[in-house]
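# Here is a sequence with its predicted model. Questions after.
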Amino acid sequence: MTDLTSIKNRFGIIGNSPALDRALEVAIRVAPTDLSVLVTGESGVGKEFFPQVIHACSARKHNKYIAVNCGAIPEGTIDSELFGHEKGSFTGAIDARKGYFEEADGGTIFLDEVAELPHSTQVRLLRVLQTGEYLRVGSARVQKTNVRVVAATNTDLQEAIASGRFREDLYYRLSTVPITVPPLRERRGDIFMLFRKFASDVATQYRMPVITLDGEARRLLENYGWRGNIRQLKNVAEQISAIEEARVITPEILARYLPAQAPGQTALASAGRPDDDRMTSERELLYKVLFDMRGDINELRRMMTELLHGFPHPGPAKDIASLLPVTAGAPAADYAESEEVVEESRRELTKADVQRESIIKALRRHNGRRKDAAAELFMSERTLYRKIKELGIDERL
């Protein structure tokens, strides 16, 4: 069996945590087979290394390895990209073209962000996995391919299945062998090693002294939540190396490059909630707070207007009395003589409400241009289009 240390050295994988080693061991053991593999884990944990390891340790290593980001290909062209097309099959198809499954015949194809595939493409992919057969777009001739499929996603596919966004039969075909890549917060012992490696790389590349952390800064680094995982850690190491003059980093310096975390955020993250590729939880929380504040301000404005015009306010008498000025000679108790009315309950905002409101605002700001709105919302244009349909948003705003 291939040595684990040599694999880490070959692919530049840093870390000795048991969870990481277990994931690599599974990848190495399954490599000689042709079983489909599904790699799951949060964004930024390094899922892209595992299909490379699987391909390099397999009998297919001398054939092609093709990586496809399913979230980066528009919905209208993804079937053509994956399975090819015939000349004249659609506008702009001036020549016949091979797809990735044809190009990778005998090798391995890595489908990153597989949860982004539209339903029609999921059906085609299921057929390839079951029979090795596919049709080019615009062709009636069945073609065969011998491809090893490794897929990856940071989406909870069980939740996607329950909401109808992903086929259950395809999930079981893809996840013949599941591999879960641990988030960085579950690899505390690896954080400092990774930081030193990134800082050393920057120093070597730009010929500058390497930065180091003092004891307190190291403890801060290792106890931080790292929602962006390894990608965020590398970003922080590069920023500090390039910007700071001091080469010994203190906690005060390091804290300037770490986004503030709400109390309990680290504990919540360690529950293993997957990142939502549509909208981050911070954005949702911010919108909810803003909506609540807007409701409170409107309520306060209405209260003051009614009080100034002498109208009764439908709320607890003691709240109104506390807002009214006490005039000399007038008993304050007179204001409290009103009928007690139960406050009407306000509907709690749901996640769908927050998403709907943010999408509508983004579309309005960009005059209905989905591409610009999607960029503002940190999602792909195809994801935005699906959200518009799911939430029943009228684009003629």
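Done, it's in.
# in the stretch 51-200 of the chain, which spans are strands?
For the stretch 51-200 of the chain, strands defined by DSSP state E, counting those that start in this stretch occupy the ranges 65-69, 108-112, 133-135, 142-144, 148-153, 177-180.
# for the ones you listed, which one sits closest to residue 3?
Closest to residue 3 of the strands of the stretch 51-200 of the chain is strand 177-180 (CB to CB; 18.8 Å). To be clear about C-beta, it is placed using only N, CA and C from the backbone, and glycine gets the same treatment.
# how about JSON lines for the strands of the stretch 51-200 of the chain, with mean pLDDT, distance to residue 9 and mean neighbour count added?
Conversion of the strands of the stretch 51-200 of the chain to JSON lines gives the following (pLDDT from 0 to 100; distance: least, CB to CB, whole Å; neighbours: other CB atoms under 10 Å):
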{"stretch": "strand 65-69", "mean pLDDT": "96", "distance to residue 9": "19", "mean neighbour count": "17"}
{"stretch": "strand 108-112", "mean pLDDT": "97", "distance to residue 9": "21", "mean neighbour count": "24"}
{"stretch": "strand 133-135", "mean pLDDT": "95", "distance to residue 9": "38", "mean neighbour count": "17"}
{"stretch": "strand 142-144", "mean pLDDT": "95", "distance to residue 9": "38", "mean neighbour count": "13"}
{"stretch": "strand 148-153", "mean pLDDT": "97", "distance to residue 9": "22", "mean neighbour count": "26"}
{"stretch": "strand 177-180", "mean pLDDT": "97", "distance to residue 9": "20", "mean neighbour count": "17"}
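# what would the ones you listed look like in JSON lines with distance to residue 196?
Output for these, formatted as JSON lines (distance: least, CB to CB, whole Å):
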{"stretch": "strand 65-69", "distance to residue 196": "28"}
{"stretch": "strand 108-112", "distance to residue 196": "28"}
{"stretch": "strand 133-135", "distance to residue 196": "47"}
{"stretch": "strand 142-144", "distance to residue 196": "49"}
{"stretch": "strand 148-153", "distance to residue 196": "27"}
{"stretch": "strand 177-180", "distance to residue 196": "26"}
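# Contacts for the host helix or strand of residue 230, please.
Residue 230 belongs to helix 229-243 when elements are defined using DSSP states H and E. Helix 229-243 is contacted by residues 42-46, 183-184, 191, 194-195, 198-199, 202-203, 206, 208, 210-211, 226, 228, 249, 253-254, 257-258 when judged by CB atoms under 8 Å, 6 or more residues apart in numbering.
# Centre of the chain to it, how far?
19 Å (CA atoms, centre = their mean, to the nearest Å).
# avg pLDDT for the following helix or strand past it?
Once helix 229-243 ends, the next helix or strand along the chain (criterion: DSSP H and E) is strand 248-249. Per-residue pLDDT over strand 248-249 has a mean of 96.
# Tell me the buried residues in whichever helix or strand comes after strand 248-249?
Downstream of strand 248-249, the next assigned helix or strand under DSSP H and E is helix 251-255. The neighbour-count criterion (16 or more other CB atoms under 10 Å) identifies 251, 253, 254 as the buried residues of helix 251-255.
# TSV please, covering these and showing distance to residue 29.
Below are those laid out as TSV (distance: CB to CB, whole Å):
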residue	distance to residue 29
251	42
253	44
254	39
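# Kindly indicate which of those residues lies nearest residue 378.
Checking the buried residues of helix 251-255 against residue 378 by CB to CB gives residue 254 as the nearest, at 25.5 Å.
# quick one: that closest one and residue 196, what's the gap?
14 Å (CB to CB, to the nearest Å).
# Same check on residue 357?
The gap separating residue 357 from residue 196 is 44 Å, by CB to CB.
# can you check residue 375 too?
Separation of residue 375 from residue 196 (CB to CB): 34 Å.
# Can you list the buried residues in stretch 82-100?
The neighbour-count check on stretch 82-100 (16+ other CB under 10 Å) flags 82, 83, 84, 85, 86, 89, 97, 99, 100 as buried.
# gap between the two ends of that stretch?
One end of stretch 82-100 sits 5 Å from the other (CA to CA, to the nearest Å).
# can you offset everything so residue one is 673?
Yep, numbering from 673; the last one is stretch 754-772 now.
# Let me know how buried the closest residue in space to residue 882 that isn't next to it in sequence is, in neighbour terms.
Of all residues not flanking residue 882 in the chain, residue 875 sits nearest, at 3.9 Å (CB to CB, 6 or more residues apart in numbering). Neighbour count for residue 875, taken as other CB atoms under 10 Å: 15.
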